[in-house]
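In: Curious how this folds, go ahead:
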Amino acid sequence: MLSVGLVALESTPAAAATPKCSRAVQMKSNSAYSYYMLIPKSAATVKCSMSPGARNKGVTALQTALAYCYNVYTGAQGHKFGPGDIDGIYGNATKNAVYYLQVQIFPQQSSEQDGIYGPNTAANMKFPWHNPSNDRIMNTCTRRNGS
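Out: Numbers count the residues shown, from 1 in each chain. All right, here's what the predicted structure looks like:
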């Protein structure tokens, strides 16, 4: 005789889904500093994720970082992701550029190389600084933590 039992699993914070990035937030090294980085963000946190199909300002912030801070390819055509690819749409070119970025920042961790922007990728990538006085993107890129 075979008996079947059901086990109730308790949801933990770690098991909760990562919120989707839907906007961008200006991050400054301190409140007195006028330069800022645009970082993808959900309604409540910068620990968010994006994948193909997303269309929002968070994607634009990600694409800006890919274009100005990294020398990554978009895939099949072999061209580099650049300013002309910034359209706010997480399509194949963005997915491929994120994948090539992940290969650079996680060379020994193939499980992190999926083309999806998530908390681990975000914490390890750099974002460009913006100059608010002339609305230009500067040549300086740093991680969210300032390194």
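
In: Secondary structure element for residue 30, which one?
Out: Under DSSP states H and E, no helix or strand contains residue 30.

In: Give me the neighbour count for it.
Out: Residue 30 has 6 neighbours, counted by other C-beta atoms under 10 Å. (C-beta placed from N, C-alpha, C; glycine too.)

In: and if you look at residue 27?
Out: Using other C-beta under 10 Å, the number of residues around residue 27 comes to 16.

In: And residue 41, by the same measure?
Out: Residue 41: 22 surrounding residues under other C-beta under 10 Å.

In: Distance check, it against residue 74.
Out: Separation of residue 41 from residue 74 (C-beta to C-beta, to the nearest Å): 24 Å.

In: ditto for residue 143
Out: Distance, residue 143 to residue 74, using C-beta to C-beta: 23 Å.

In: who's more crowded, those two?
Out: Neighbours per residue (other C-beta under 10 Å) separate residue 143 from residue 74, with residue 74 holding more: 21 against 13.

In: show me the contacts for the more buried one.
Out: The contact partners of residue 74, by C-beta atoms under 8 Å, 6 or more residues apart in numbering, come to 80, 81, 85, 92, 93, 94, 96, 97.

In: Does residue 63 lie in a helix or a strand, and which?
Out: Here residue 63 is assigned to helix 57-69, by DSSP H and E.

In: export stretch 134-147 as CSV, just CAs?
Out: Extracted in CSV, the C-alpha atoms of stretch 134-147 (Å, rounded to 0.1, in the frame of the first residue of the first chain):
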residue,chain,number,x,y,z
ASN,A,134,24.7,70.1,-19.1
ASP,A,135,22.7,66.8,-19.1
ARG,A,136,25.7,64.8,-20.4
ILE,A,137,26.9,61.3,-19.6
MET,A,138,30.5,61.4,-18.2
ASN,A,139,33.3,59.0,-18.9
THR,A,140,33.4,57.8,-15.3
CYS,A,141,31.6,54.6,-14.3
THR,A,142,31.4,53.1,-10.8
ARG,A,143,29.4,50.4,-9.0
ARG,A,144,26.5,51.3,-6.8
ASN,A,145,28.7,51.0,-3.7
GLY,A,146,31.1,53.5,-5.1
SER,A,147,33.9,51.1,-6.1
